[in-house]
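Task: produce atomic coordinates for the following.
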Amino acid sequence: MLSILIPVYNERTVVERSLRQVLDAPLPEQMERELVIVDDCSKDGTWDILQRLAAAEPRIRLFRHEVNQGKGAAVRTAIGYADGDFSLIQDADLEYDPQEYPILLKPLLTGHADAVFGSRYLAGEQRRVLPYWHTKINHFLTWASNIFSNLHVTDMETCYKVFRTDLLKSIPIRSNRFGFEPEITMKCAKRRLRIYEVPISYHGRTYEEGKKIGWRDGVKALAVIVKFWLIDDLYTSPHGRGTLITLTRTPSYVRWIVSLLRPHLGDHVLEIGASTGAFSAILMGRRLRYVAAEGDPLYLHALRNRFLRTPNVEVAECDAGRAESFPWTNEFDTAICLNVLEGLEDPASALAGLRKSVKPGGRLLLLAPLGPGLFGSIDRAMGQRRRFSRKQVGELLHEAGFEIETTHQINKMGRVAWWLSSRVLRRERPSKLTLKFFDKTVWLWRLLDHVLPWSGLSLIVVARRRG
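A predicted model of the protein is given here:
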């Protein structure tokens, strides 16, 4: 099923002809279509035309905004009602040609892409020649988007964007007007979606013919690019994902942890709760086999994209909170569990699954948050249920059949900042500026860990399976 998402505003002169083209457009074999139309409070009679068409055509699902909000808001509403496997955004004017749907869908149907952009500037069949400066502004905004997103697209502002619907529904859309285009592009880049471009035809309108986007929207688009470069607003249902992604964008801190883990790694490694693969990408190194396991479908998708062509890395589905979901028995010499136990209802079940997965004498490398008294608003926002004491971690490991070899308490200065942010100021996520400063000065905090008398913010444990 293809869901065709159509935002409409004051298009009575062309909307009927446009929708007829969409309904008659060719689709790949055995693919059905639905038209999810959102009228954004049209004032010119468009709504009456849409009601008449919807009454006669069962493939049309019609919705209306009682107040005009903008294209982005209409698309957001349409996404919420989309039932198809794929979702394609189609303007209600006649600028884009529905005859090209099969071209747009091909990279998705072959499994190569998560999103496809139709580019007006690749070698399409035909393109109407439009005012020079309008085209140059489009080129500039695409260039700016590429700079901040680290993508290389040729037409960021294109209307024709097609997505896997499950992924599109998981991305929050905040822009109400034409800022939708740069916002979705920035978020696709940060989510590491596989984006393909295909050439399309373009029959652009002039302002006299009804074109609505103006130079002010170009300025706003530039602001949207910068905004979503700074802000990691990537998932509609947080479960701590936004904060977790922010934390993993501290490369110096990640390397600090990796430096403590790497000496204990074997050749056959299992990592549970691998998230987006921030640690996996560094730890996999020259391991003969590295299994990155996750239970969250969106994280699984991100991992499969990231390690698509990495032969020694396998991506596996595994619910860390259920020992019975671990399909491995005595297969690994090393298991890794980083910031996972604190979010589980039953941490002992995860440790039982890990014990079953590693060979007798195999190692478990564990990272867990320290300090039950520090538990506060940031922990709750990240989906954590607890922070541990050293004694609690030791008891859990002993009962699961592991003996502790060595421990490291790290980030003692971070304990002060966490207490202030989470318990006093009651923030729900660390400041990005604070994290940047922390990451640039990790070398200093590593030195201070040797002299400060209090406990660290996190505990790294190296344990060995008994038996």
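
switch to C-alpha atoms for all contacts and neighbour counts from now on
Fine.

residues in contact with the residue nearest the centre of the chain?
The central residue of the chain, meaning the one whose C-alpha is nearest the mean C-alpha position (C-alpha atoms, centre = their mean), is Arg191 at 3.4 Å. Applying C-alpha atoms under 8 Å, 6 or more residues apart in numbering, we find Arg191 in contact with 234, 302.

how about it, phi and psi?
phi -80, psi 0 (degrees, to the nearest 10).

quick one: it from Asp379, how far?
Arg191 sits 23 Å away from Asp379, taking C-alpha to C-alpha, to the nearest Å as the criterion.

do Tyr9 as well
Tyr9 sits at a distance of 44 Å from Asp379 (criterion: C-alpha to C-alpha).

again, but for Leu367
Between Leu367 and Asp379 the distance, using C-alpha to C-alpha, works out to 15 Å.

Contact partners for Glu66?
Listed by C-alpha under 8 Å, 6+ apart, the contact partners of Glu66 are 40-41.

now swap in the one 3 residues further on and tell me
Applying C-alpha under 8 Å, 6+ apart to Gln69 gives the contacts 40, 176-177.

one more time with 7 Å, if that's ok
For Gln69, the contact set (C-alpha atoms under 7 Å, 6 or more residues apart in numbering) comprises 40, 176.

Equivalent analysis for Leu230, please.
Applying C-alpha under 7 Å, 6+ apart to Leu230 gives no contacts.

Tell me where the stretch 151-300 of the chain has strands.
Counting by DSSP state E, counting those that start in this stretch, one finds strands in the stretch 151-300 of the chain at the ranges 161-164, 195-199, 268-272, 289-294.

now what about the last one, what contacts it?
Surrounding strand 289-294, the residues in contact under the criterion C-alpha under 7 Å, 6+ apart are 267-275, 280, 284, 300, 312-319.

what distance separates it from the middle of the whole chain?
Once both centres are worked out by C-alpha atoms, centre = their mean, to the nearest Å, strand 289-294 turns out to sit 19 Å from its chain's centre.

what does the third one give?
In this view, strand 268-272 has its centroid 23 Å away from the chain centroid, taken as C-alpha atoms, centre = their mean.

For that strand, name the packing helices and strands.
Secondary-structure packing of strand 268-272 (3 or more C-alpha pairs under 7 Å, 6 or more residues apart in numbering; DSSP states H and E): strand 289-294, strand 332-338.

would you turn these into CSV with mean pLDDT?
Below are the helices and strands packed on strand 268-272 laid out as CSV (pLDDT from 0 to 100):
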stretch, mean pLDDT
strand 289-294, 96
strand 332-338, 96
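
got TSV for these, with mean neighbour count and distance to Ser145 too?
Compiled in TSV, the helices and strands packed on strand 268-272 are given as follows (neighbours: other C-alpha atoms under 10 Å; distance: least, C-alpha to C-alpha, whole Å):
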stretch	mean neighbour count	distance to Ser145
strand 289-294	24	31
strand 332-338	23	33
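
Pipe those into TSV and attach distance to Leu447 per row.
Putting these into TSV (distance: least, C-alpha to C-alpha, whole Å) gives the following:
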stretch	distance to Leu447
strand 289-294	32
strand 332-338	23
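
To Arg423, which of those lies closest?
Judged by C-alpha to C-alpha, the one of the helices and strands packed on strand 268-272 that comes nearest to Arg423 is strand 332-338, at 23.4 Å.

Give the next helix or strand downstream of the closest one.
On the C-terminal side of strand 332-338, the nearest following helix or strand under DSSP states H and E is helix 347-357.

what comes into contact with that following helix?
When contacts are taken as C-alpha under 7 Å, 6+ apart, the neighbours of helix 347-357 outside the stretch itself are 320-324, 326, 328-332, 335, 341, 396, 400, 465.

would you list every one of the helices in the stretch 301-450 of the chain?
347-357, 377-381, 390-400, 412-418, 432-440, 442-448 (DSSP state H, counting those that start in this stretch).

Out of those helices, which gets nearest to Ile231?
Counting by C-alpha to C-alpha, Ile231 lies closest to helix 432-440 out of the helices of the stretch 301-450 of the chain; the figure is 8.4 Å.

and that closest one, how far out from the chain's middle?
Its chain's average C-alpha position is 22 Å from that of helix 432-440, according to C-alpha atoms, centre = their mean.

Could you give the number of residues near Arg466?
Here the count is done by other C-alpha atoms under 10 Å, and Arg466 has 15 residues near it.

most packed of the helices of the stretch 301-450 of the chain?
The highest mean neighbour count among the helices of the stretch 301-450 of the chain, using mean count of other C-alpha atoms under 10 Å, belongs to helix 347-357: a mean of 22.

Run the angle between that helix and helix 390-400 for me.
On the basis of axes from the mean of the first three to the mean of the last three C-alpha atoms, to 10 degrees, helix 347-357 is oriented at 50 degrees to helix 390-400.

Would you mind measuring from Ser170 to His264?
Applying C-alpha to C-alpha, one obtains 37 Å for the distance of Ser170 from His264.

Summarise which helices and strands the lengthiest helix in the chain is packed against.
Residue-count comparison of every helix in the chain, with assignments taken from DSSP state H, identifies helix 132-149 as the longest. With contacts defined as 3+ C-alpha pairs under 7 Å, 6+ apart, helix 132-149 has these neighbours: helix 180-190, helix 215-230.

Arg464 reaches Leu365, doesn't it?
No: in this structure, Arg464 is not within contact of Leu365 by C-alpha atoms under 7 Å, at 8.9 Å.

Name the stretch from the helices and strands packed on helix 132-149 where average model confidence is lowest.
Looking over the helices and strands packed on helix 132-149, mean pLDDT reaches its minimum on helix 215-230, with a mean of 87.
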